[in-house]
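K.L.:
Sequence below, structure please.
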Amino acid sequence: MERPLHSDRWHQVAALRPRWRMHARSDRQQVRGATWHVVSGDGRSGTLRLDAGAWSIVGRCDGLRTMQAIWDEALAEDPAAAPTQDEAIELLARLVDERCLACDGLPDVAVIREDDRTRAARRLSGRLNPLAPRMSLGDPTPLLRPLEPLARHLFSPAGALAWLALVALAVGLALAEADAVVRHAGHWAQSPRHLLLATLAWLPMKAVHEAAHALAVRRWGGAVREAGLAWMIGLPVPYVDASAADRFASSRQRAAVGAAGILAELALAALGLIAWAMTEPGWLHDAGFAVAVAGTTSTLLFNGNPLMRMDGYFVLCDLAGLPNLGTRSGAWWRAALQRTLGWRDAQGPQTAAGERGWLVAYAPLAWGWRLGLMGSLALWAGSQHRLLGAAVALMTVWGLVLVPLRALLRGPSEAGAPLAARWRMHARLGAVLAGLAALAVMVPLPDRTVAPGLVRTHDDARVRAGVEGFVVAAESGRRVDPGTVVVRLDDPALRRERERLEQARPGLRAELFASLRSDPARARQAEEALVGIEAELASIDERLAQLDVSVTVSGRFEVTRPADLPGRFVREGDELGTLAGAGPVHVRVALDQDEAARLRGGVRTVDLRLAEAPGRVLTGRLLRQAPAAVDALPGAALGERFGGSIPVDPADEDGTKPMRPTYVVDIALEGEIDPPPRPGGRAWVRLDHGDASLAEQAARWLRQTVRGRFAPDAL
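P.N.:
This is a model prediction of the structure:
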């Protein structure tokens, strides 16, 4: 239902004669074929974007006509687009508050001074925001004016080509050195040195980021009136006031201002990667990689992400012609929910051609992204200290759940809706929430545990080196029988030692026979030396025989990386390969403390998927109900360092020491499996425990998350 055309409050403003203030200004912009007007006050307020209907009121405010005459003219000119009287009142109040309009002669000086104090208090509260307090450092114009020639070169076709060439060179280096980049990134994630370098590079990179915004504004004639520092998660972040770009008529210029910081950080990341690739290991080498990681991560997750109210969002709004997309999408959803809950007069924002799909999609996507980001931040903060994690979690609930819910409920009262409509909406919302709570508590859902595991085989299926040596040849991928040689080793030093002993043996024999009669003592020494040589030769021959590694059972011999095996030095006991299909196959599963405790209640069924064949579901059975506590994971592949899901001790070189109590159980695979699973491969096992309510499962997940991720500090 549309809002009524007339208002009971209209008599309060009908006789007013609004006029534009001296320092107010208006700029015209074309968005999706429609004309919008960006108005601003005296420089101490923000900007407002008005559509044609709102401008039909504001554009007639000359101080001569009354609000009644202005509204009558707008209604006669375009009855469909003209605002209602309530909308005209709200528009007038907003423009007066933003110092764009004044009414009926000189305003009272005390009102102006009180208004100034109110605005100053708002600015101060914004700067003292506990999440991101800000400190102004003044007007940066004197610093920016000498750099204007540089801005003209940077934001030009030649500057764009130079930027593309730089980034393309860095991307080419990254692709050419992909393996080295991945290895260094894995080391970087565990190194306090790299984290320190990235932290030290943070402030200079953000300073360049904000300077790029400021230069882009100056490039097209805008003014930057304020610069300063804000603190986010304890780190200083520079900022500049680039709101003057909102008045640019060209959407490309506005988008260029928004993208300037993103482009600057990507350029710094490209320079960092080039420096890393061209330098030897050392501080400069590591610093270049830290800058590359910090620049790309910041751009992809934050600045360039259109789902956050940062640079990428404003670039999207300008290029796609979607002014105030986030605010308007939230208003669309809020009005839709209010109408669903019974307030039929709820009005969403006006939409131009092609905007409706954007409004429907943006708010849920942005809300989900912020929820995931804040959830990850809460887990990280909790790993440092429980109180810090709890504080971030409470702020997440407040900002993403309670604040939108309060705005949803306050809409009817702020619009002057009848009390009955407000109560009806509250009652329906309470009924919906109560119904959802009842469903969460009473409706049973499948209750399952999904845990990672590794494929294990019988000990006879593991082919190990009996002695140390260099791999000469290995035959992988063929079926072998007991006694077949699958790997050949060589030990040149051992063969040289045997040759030396063989050469020494004839001389000792001759010495023994020559001294039997003339020198019995010397003969005994020669005999003892000869016996020792014979023993050493027998031992060497035994070790040489073990250089040919054979199997004891039948199966298909497989090596994980057969191309890397020849020429590799292996030690005694090192695993060279496995025999697929030799002996029973089972999966060793790693469980946390709560998951292991749930096994006492029994398991209905066991299903699993192998990483090498994810589309195939296999069945299994528990070999033992009581899990065994372990100090080391069954394999490093289960740990976070090598792509698994279990946190491991960063100080453990093997990457197998879990950070929290871990238990293992063995799952036997049932039935014939062709081809047989590869030993050492990853698997995901699903244990079916029956049914449980959603509330019970959510409470258990929350308990496991807090226990496994939050630091064990006392609350």
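K.L.:
Please count neighbours and contacts with C-alpha atoms only from this point.
P.N.:
Noted.
K.L.:
Okay, now the unreliable bits of the stretch 451-600 of the chain?
P.N.:
The stretch 451-600 of the chain contains residues with pLDDT under 70 at 457-460, 560, 581-584.
K.L.:
Run through the strands of it in chain order.
P.N.:
462-464, 469-474, 478-480, 485-490, 548-550, 555-558, 569-570, 575-580, 586-592 (DSSP state E, counting those that start in this stretch).
K.L.:
Make CSV from those strands and add distance to L322 to it.
P.N.:
Shown next, in CSV, are the strands of the stretch 451-600 of the chain (distance: least, CA to CA, whole Å):
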stretch, distance to L322
strand 462-464, 62
strand 469-474, 63
strand 478-480, 62
strand 485-490, 66
strand 548-550, 70
strand 555-558, 58
strand 569-570, 63
strand 575-580, 59
strand 586-592, 48
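K.L.:
now for those strands, which one comes closest to L687?
P.N.:
Of all the strands of the stretch 451-600 of the chain, it is strand 586-592 that lies closest to L687, at 10.6 Å by CA to CA.
K.L.:
Just checking: what are the partner strands of that closest one?
P.N.:
Using DSSP bridges, the strands paired with strand 586-592 are strand 444-456 (antiparallel), strand 662-669 (antiparallel).
K.L.:
Could you provide the ones you listed in CSV, with additional columns for distance to R406?
P.N.:
Converted to CSV, the strands paired with strand 586-592 look like this (distance: least, CA to CA, whole Å):
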stretch, distance to R406
strand 444-456, 31
strand 662-669, 43
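K.L.:
ranking the ones you listed by burial, who's on top?
P.N.:
strand 662-669 (a mean of 21; mean count of other CA atoms under 10 Å).
K.L.:
Residues contacting that strand, please?
P.N.:
584-593, 596, 618-631, 633 (CA atoms under 8 Å, 6 or more residues apart in numbering).
K.L.:
at 6 Å what do you get?
P.N.:
Residues outside strand 662-669 that contact it (CA atoms under 6 Å, 6 or more residues apart in numbering) are 586-592, 620-623, 627-630.
K.L.:
Filter those residues down to the buried ones.
P.N.:
586-592, 620-622, 627, 629 (16 or more other CA atoms under 10 Å).
K.L.:
Show me the two of those that sit farthest apart.
P.N.:
Farthest-apart pair in the buried ones among the contacts of strand 662-669 is G620 and A629; separation 21.6 Å (CA to CA).
K.L.:
Please write out the alpha-carbon positions of stretch 475-490 in PDB.
P.N.:
C-alpha atoms of stretch 475-490 as PDB (Å, rounded to 0.1, in the frame of the first residue of the first chain):
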ATOM      1  CA  GLU A 475      59.300 -49.700 -11.000                       C
ATOM      2  CA  SER A 476      56.000 -48.200 -10.000                       C
ATOM      3  CA  GLY A 477      52.400 -49.000 -11.000                       C
ATOM      4  CA  ARG A 478      52.800 -52.800 -11.800                       C
ATOM      5  CA  ARG A 479      51.600 -55.900 -10.000                       C
ATOM      6  CA  VAL A 480      54.300 -57.900  -8.300                       C
ATOM      7  CA  ASP A 481      54.600 -61.200  -6.500                       C
ATOM      8  CA  PRO A 482      56.600 -62.100  -3.300                       C
ATOM      9  CA  GLY A 483      60.300 -61.900  -3.900                       C
ATOM     10  CA  THR A 484      60.100 -59.400  -6.800                       C
ATOM     11  CA  VAL A 485      62.700 -56.700  -6.700                       C
ATOM     12  CA  VAL A 486      60.900 -53.300  -7.000                       C
ATOM     13  CA  VAL A 487      63.600 -50.800  -6.000                       C
ATOM     14  CA  ARG A 488      67.400 -51.000  -6.600                       C
ATOM     15  CA  LEU A 489      69.800 -49.000  -4.400                       C
ATOM     16  CA  ASP A 490      73.500 -48.400  -4.700                       C
END
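K.L.:
In it, which residues are buried?
P.N.:
Buried residues in stretch 475-490, defined by neighbour count with 16+ other CA under 10 Å: 476, 480, 485-490.
K.L.:
Between those residues, which sits nearest E672?
P.N.:
Of these, the one sitting nearest to E672 (CA to CA) turns out to be V480, at 19.3 Å.
K.L.:
Kindly provide the distance from that closest one to G681.
P.N.:
Distance check for V480 against G681: by CA to CA, to the nearest Å, it reads 21 Å.
K.L.:
for W55, same thing?
P.N.:
Per CA to CA, W55 is found 67 Å from G681.
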